[in-house]
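> no FASTA, just this:
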DNA sequence: CTCCTATTGCTAGTTTATCTAGCGATTTTC
DNA sequence: GAAAATCGCTAGATAAACTAGCAATAGGAG
């Protein structure tokens, strides 16, 4: 054995507690998305696509079917069907890509934005309210944590 | 209009930044789980069930098929199939429930524990390492944040 | 410019994982 | 002790993913 048994320090306990907090939080988020999915009567991928489109629109970026496919880790064939479902419901419109005749850009409709915020809005408000229990320094620490740990995971 | 326009304060900016950090972190976690799913060549539900079993086993609790069903928000019929898949791979065993003849308890095999930690272990280690950049107070703030915001979401 | 290769989104057909409905065994309630 | 509820299961139907292959377009090499 190259390793001696190590006593579990208070620091170790704290880190373990943080790990568990992350796990529980992720579960909460999953359930939250599940709630939205139920409320909107949609499947998980379709909601995820909508979420992506909202985020990318806010950034002023265009989104192609191809990008949706890779973001959701599904095939382009499945994405075609997904977009068919969203178009049928009137949530998105497919437009020609201005510079690439093969491609399309997927654009949210007003209806989609409206329904999306109707169902996500109240949940986001609850999150935002819960954040009032934290001062600026704490919030900054949280932000640094989430982006640090998140980045560490992406390698 | 019953509401005047409000200037966006630095505090508002910070809270917004925290919201975005949460969103990005959730995406990272999703991709992480996706990686495990790919590595283990399993579907999302099966991995989620395994995760649940590991957590509950660590707590010294028994898990019935029924509980798996409600935790994953799928029907008991789907859970039967799910457990068939996991049994076939040798990841779980169904045992009779000691006090209730209708029920079963689902028990992880050594193989499952082994494979689970082989694939999750390195990712959890990366998370744990990333946490070394934070002192105890920061970590405590993060824990309070995750559990507070998580709880707020569950209502 | 012309040819060749790569890329994009789509269709068609297949597979997988879910669902609903209903059943036998067992437990709980009255 | 009888009636109702619960548990996990089977059977058959549905939804959403997959693979393979296609037409249209783009882009690079000669």
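Done, it's in. Fair warning: this is a prediction, and the values are worked out from it, not measured in the lab. Numbers count the residues shown, from 1 in each chain, chains lettered A, B, ... in the order given.
> what about the residue of chain A found nearest DNA strand C, neighbour count?
Residue of chain A nearest DNA strand C, by C-beta to the nearest atom of the strand: residue A:66 (2.7 Å). Backbone N, C-alpha and C define where each C-beta goes, glycine included. Neighbourhood size, residue A:66 [other C-beta atoms under 10 Å in any protein chain shown]: 13.
> do residue A:63 as well
20.
> could you list the low-pLDDT ranges of chain A?
For chain A, the stretches flagged by pLDDT under 70 are A:1-3.
> re earlier: out of everything not next to it in sequence, what's closest to the residue of chain A closest to DNA strand C?
residue A:76 (6.3 Å; C-beta to C-beta, 6 or more residues apart in numbering or on different chains).
> residues contacting that neighbour?
Residue A:76 makes contacts with A:65-66, A:69, as judged by C-beta atoms under 8 Å, 6 or more residues apart in numbering or on different chains.
> that one and residue A:83: what is the separation?
10 Å (C-beta to C-beta, to the nearest Å).
> from residue A:68, how far out is the residue in chain A positioned nearest to DNA strand D?
Using C-beta to the nearest atom of the strand, the closest approach of chain A to DNA strand D is made by residue A:101 at 2.4 Å. According to C-beta to C-beta, residue A:101 stands 19 Å off from residue A:68.
> same thing with residue A:59?
Per C-beta to C-beta, residue A:59 is found 15 Å from residue A:68.
> go on, residue A:116?
Distance from residue A:116 to residue A:68, counting by C-beta to C-beta: 16 Å.
> ok, the two, which is more surrounded?
residue A:68 (24 against 19).
> now the angle from the strand or helix carrying residue A:20 to helix B:10-40?
Using DSSP states H and E, the element containing residue A:20 is helix A:10-40. Relative orientation of helix A:10-40 and helix B:10-40, computed by axes from the mean of the first three to the mean of the last three C-alpha atoms, to 10 degrees: 90 degrees.
> residue A:80: how many residues sit nearby?
For residue A:80, the neighbour count with other C-beta under 10 Å is 12.
> if you could redo that for residue A:5, that was the one I meant.
6.
> count of neighbours near the nearest residue to residue A:120 once chain neighbours are set aside?
Once flanking residues are discounted, residue A:120 sits nearest to residue A:36: 6.1 Å by C-beta to C-beta, 6+ apart. For residue A:36, the count of nearby residues is 17 (other C-beta under 10 Å).
> I'd say residue A:36 and residue A:123 touch.
Yes. Between residue A:36 and residue A:123 there is a contact under C-beta atoms under 8 Å: 7.1 Å.
> residue A:94: what secondary structure?
strand (DSSP: H, G, I helix; E, B strand; the rest coil).
> which residues touch the residue lying closest to it once chain neighbours are set aside?
Distances taken as C-beta to C-beta, 6+ apart put residue A:104 closest to residue A:94, at 4.8 Å, once the chain neighbours are dropped. By C-beta under 8 Å, 6+ apart, residue A:104 lies in contact with A:64-65, A:94-97.
> quick check: phi and psi at residue A:104.
With angles defined as degrees, to the nearest 10, residue A:104 sits at phi -130, psi 160.
> hmm, back to that, for the helix holding residue A:20, buried residues please.
A:14-15, A:18-19, A:21-30, A:32-33, A:35-37, A:40 (16 or more other C-beta atoms under 10 Å in any protein chain shown).
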